[in-house]
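Q: Provide a 3D model corresponding to the input given below.
(2 chains)
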Amino acid sequence: MERDKNFVLGIYDDEDVLLNAVTQIRQSGVKIHEVFSPYPVHGLEHNLGYRRSRLPIAAFLFGLLGTTLALTMQFYMMKFDWPMIIGGKDHASFPAFIPVTFELTVLLAAFGMVGVFMVSSNLKPWGQPRIFDIRSTDDKHVMAIDLVNNSHLERERIVEVLKASGATEVNNKSFE
Amino acid sequence: MAHQTNYNLDQRFDFTAATKKAIFIVGGIGAVLLILGIIFAAMGGDHGHGDDAGHAFHWTQRLFANLWINNVYFIGIAVIGVFFFAIQYAAQAGWSAGLLRIMISFGYWLPIGAVLMIVSFFVVNHDIFHWTHSYLFDVNDPHYDRIIDGKGSFFFWPMEKGSFPIFFIVRMVAFLGLWIFFFNKLRTLSYDEDLRDGTHNWFAIRKWSAIFLVVFAVSSSISAWDWIMSIDTHWFSTLFGWYVFSSWFVAGLSAMTLIAIFLRERGYLTMVNENHIHDMGKFVFAFSIFWTYLWFSQFLLIYYANIPEEAVYFVERLESDIYSPWLFANLIFNFVLPFFVLMTRDSKRHSIFLKVVCTLIIVGHWIDHFLMVQPGTLGHNGGVGFMEIGMFLVFGAAVTFVVFTGLAKHNLVAKNNPMLEESYHHHI
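A: Numbering: from 1, shown residues only, chains lettered A, B, ... in the order given. Got it, this is the predicted structure:
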C-alpha cells in the first residue's frame, strides 16, 4: 500500500478550539488526514465526519464464530468422540452446553474485536505506527493534513487556514 | 443558567378525552373477554376430577389465579417506577432528568394496587395458597405435611400454625405500606422542587432514595417469596427474589420507554431526544439479558443436579402440553427478540423497533408471571384463554389510566432539577 509521506501538522492547546477548527478547516475545503489527542474529545468524530465504526459487526461475527465453535466442539466430544453418561442425561444435552458456549462467544468476540482493532489501526505487532508528534500523548492535540491528498491547494494556503483556526504551532512532518 | 434553551419546561400532559376513550376501549374489550371467559368456564366447568389435594376444581379458582397474577405483575411494575426514580438520584444520574416524572408517576398505582392485593389475598386464599390449609399442620390429619409444617412459622408466627397467617399479612402490609410511604415522600419532594430554587430538594430526594433502595432490596426479594414462591410450597429457589425483580424491572423499563415515546410523538417532552430513548433501550436490552441470566441460572442448576424435589418445578412446566409452549414463548419474547432486535444502535434510536419490542416484553413478562403462578395452582386446568387475556387487558388499562392521571397532575419535566442542563447535552 502506497503511504503518503508529507504532512502539515497543526498543534492545538484547547479541545474547544480544536473542535471548531475541525469544522472550519473542513468547510474551507482542506481534507484532514487524522487528529490525535491525548484523551477522547467528545464530538470530535462527529465534526470530522467519520462514519460509524464497523467494529461491532466484526465483534458480532467473531461472537457467532465462537458460538458455532463451542457447540460443534461439545457435540463432537460428548456425542461422537467420547460419549459419557453424566447424571443420567443424554450424551448431547444442550442446556449443559450453554455456559461453555456463552464463555467462548464472549471470548472470541472480545479477542476478535481487539485483533481487528489492532490490525485496522496499524497497531499490529509487525506494523510500524506513525508518530506524528509525541506531544499528542501528553498535552497537545495534533491535526495531520496530508499534502498529497490536498494537492489542489498550495501549502501556504493550508498553513494559513490552520493558523486562522487557532493552531498554536504549524509544523512539517515527513516520514521515510 | 448560562445556557438558554427553548424547551418549554412548564408543559403539562393533557390527558385528552381521546386518549381516555382509547384506554376505556381496551379495558372494555378486556372486560368482555373476561366475562366471555367466565361464561365458558362456568358452562363447561365443574369437571369434578379431584387433584392430589383432594378437592375438585372450580372455575373461580382460575379467575382467582388470574387476579393474583395481574396483581403481582402490575404492582411490581408500579414499584419499579419508584425504584428506577430512586436509582437516578442515588447514582446522581444526569441523562435521565427529563424522564423522572414518567418514572415517579408509576407509583400512583401503588395505593390502589396495594388495597386490591390485600383484598385479593383474602379472596384467593385457599385456592391459590396451598399452605393456608390448616390440616397441613395437624399431625393427626392424613394430609399432614411435614415439609410445609417446617416452613409454617414463616407464615403464621407468632400465632399457631394453620390459623391466621399473621406474619405473612404483616409483611405484605408493611412492604406495600413502605413502598407507598417512599413513593409519597419522593413524589412530594420532587413536585415541591418545581416551586423553589437551589439544590435542597435534590439532596433530600437523594437521601430518601438511598434509604428506599435498601428497603426495596430486602422487601422485593421477600415479597417475591411470599407472593409467588409460596405457591409451590415445597419447592424453593435461592435466586427467586432477583428473578421476579428482574422480571418486574424489564417490564417496568419497557413501560417507561413506551410512555416516553408516546409523549414525544404527541409533542411533549421536547427535551427528550433519541439519545435519551437510546439509553432506555440499552436498559431494556441489558436487563432482558439479566433476566435471561437469572432464568437460566435457576433452570441449569435444577436440570443438572436433577434432584426430584427441585426438578418437579420444571417437570410441571416442561412436561405439560398446556405450559411448555408458553415456557418457550417466554424465552423468545423476553430473550431472543430483545437480544437480536435491540442489539444494533439504530434499533434503539428509532422508536418503531422499541415500540414493538417493549410491547412484546410487557406481554412476555406477563407470560413469565403466568408460568410462575398457574402450574402450581391450577395444574392441568390452567392455560391462556379469554379469561387470561381479558384480565390482563382490564388491569393494563386500569394501570395506564391511573398512571396517566397522575402524570397529568404536574409538570412533565422537573424544571428546577439541577441535572437538567446535563440532560440537554446528553449525546451518545
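
Q: every contact and neighbour count from this point should use C-alpha atoms.
A: Fine.

Q: residues of the lengthiest helix in chain A that come out buried?
A: Longest helix in chain A by number of residues, with DSSP state H as the criterion: helix A:94-120. By neighbour count, and taking 16 or more other CA atoms under 10 Å in any protein chain shown as the criterion, the buried residues in helix A:94-120 are A:97, A:98, A:101, A:104, A:105, A:106, A:108, A:109, A:110, A:112, A:113, A:116.

Q: which pLDDT does the model give the first one?
A: pLDDT recorded at residue A:97 is 94.

Q: residue B:94 versus that one, what's the distance?
A: 41 Å (CA to CA, to the nearest Å).

Q: what does the second one give?
A: When CA to CA is applied, the distance between residue A:98 and residue B:94 equals 38 Å.

Q: closest one of the buried residues of helix A:94-120 to chain B?
A: When those are compared for distance to chain B (CA to the nearest CA), residue A:98 comes out closest, at 9.0 Å.

Q: how near is that closest one to residue A:105?
A: Look at residue A:98 and residue A:105: by CA to CA, they are 10 Å apart.

Q: give me the beta-bridge partners of residue 12?
A: Let's take chain A. Counting by DSSP bridges, residue A:12 is bridged to residue A:141.

Q: wait, chain B was what I had in mind.
A: In this entry, residue B:12 is beta-bridged to residue B:411, by DSSP bridges.

Q: residues contacting it?
A: Applying CA atoms under 8 Å, 6 or more residues apart in numbering or on different chains, one finds that residue B:12 lies in contact with B:408, B:409, B:410, B:411, B:412.

Q: mind redoing it with 7 Å?
A: The neighbourhood of residue B:12, defined by CA atoms under 7 Å, 6 or more residues apart in numbering or on different chains, consists of B:408, B:410, B:411, B:412.

Q: so what's the third one up against?
A: When contacts are counted by CA under 7 Å, 6+ apart, residue B:411 is found next to B:10, B:11, B:12.

Q: pipe those residues into a markdown table and attach distance to residue B:189 per row.
A: Putting these into a markdown table (distance: CA to CA, whole Å) gives the following:
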| residue | distance to residue B:189 |
| --- | --- |
| B:10 | 17 |
| B:11 | 19 |
| B:12 | 18 |
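
Q: TSV for those residues, including pLDDT?
A: Converted to TSV, the contacts of residue B:411 look like this (pLDDT from 0 to 100):
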residue	pLDDT
B:10	88
B:11	90
B:12	92
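
Q: list of residues touching stretch B:243-253?
A: Residues outside stretch B:243-253 that contact it (CA under 7 Å, 6+ apart): B:73, B:76-77, B:80-81, B:220, B:224, B:284, B:287-288, B:291, B:294-295, B:361-362, B:365.

Q: pull the most distant pair out of these.
A: The largest separation in the contacts of stretch B:243-253, counting by CA to CA, is between B:81 and B:295 at 22.5 Å.

Q: neighbour count winner among those two?
A: Using other CA atoms under 10 Å in any protein chain shown as the criterion, residue B:81 and residue B:295 rank with residue B:81 on top: 27 against 19.

Q: what pLDDT is listed against the more buried one?
A: Here, the pLDDT recorded for residue B:81 equals 97.

Q: so it versus residue B:272, what's the distance?
A: Distance from residue B:81 to residue B:272, counting by CA to CA: 18 Å.

Q: which strand or helix spans residue 26?
A: By default, I'm working from chain A. In this assignment (DSSP states H and E), residue A:26 forms part of helix A:15-27.

Q: I was after chain B.
A: Using DSSP H and E, residue B:26 sits in helix B:17-44.

Q: give me the buried positions along that helix.
A: Residues of helix B:17-44 classed as buried by neighbour count (16+ other CA under 10 Å): B:20, B:23-24, B:26-38, B:41.

Q: near chain A, which residues of chain B are found?
A: When proximity is defined as CA under 7 Å from any CA of the partner chain, chain B approaches chain A at residue B:300.

Q: swap in 10 Å and give it another go.
A: Where chain B comes near chain A, counting by CA under 10 Å from any CA of the partner chain, the residues are B:296-297, B:299-301, B:303-306, B:343-345, B:427-428.

Q: list buried residues within those residues.
A: Burial of these was assessed by neighbour count (16+ other CA under 10 Å); the buried members are B:296, B:299, B:300, B:303, B:304, B:343.

Q: can you pick out the most distant pair from these?
A: By the measure CA to CA, those have their two most distant members at B:304 and B:343, which lie 30.2 Å apart.

Q: would you map the helices across chain A?
A: Ranges of helices within chain A are A:15-27, A:44-48, A:55-75, A:94-120, A:155-164, based on DSSP H.
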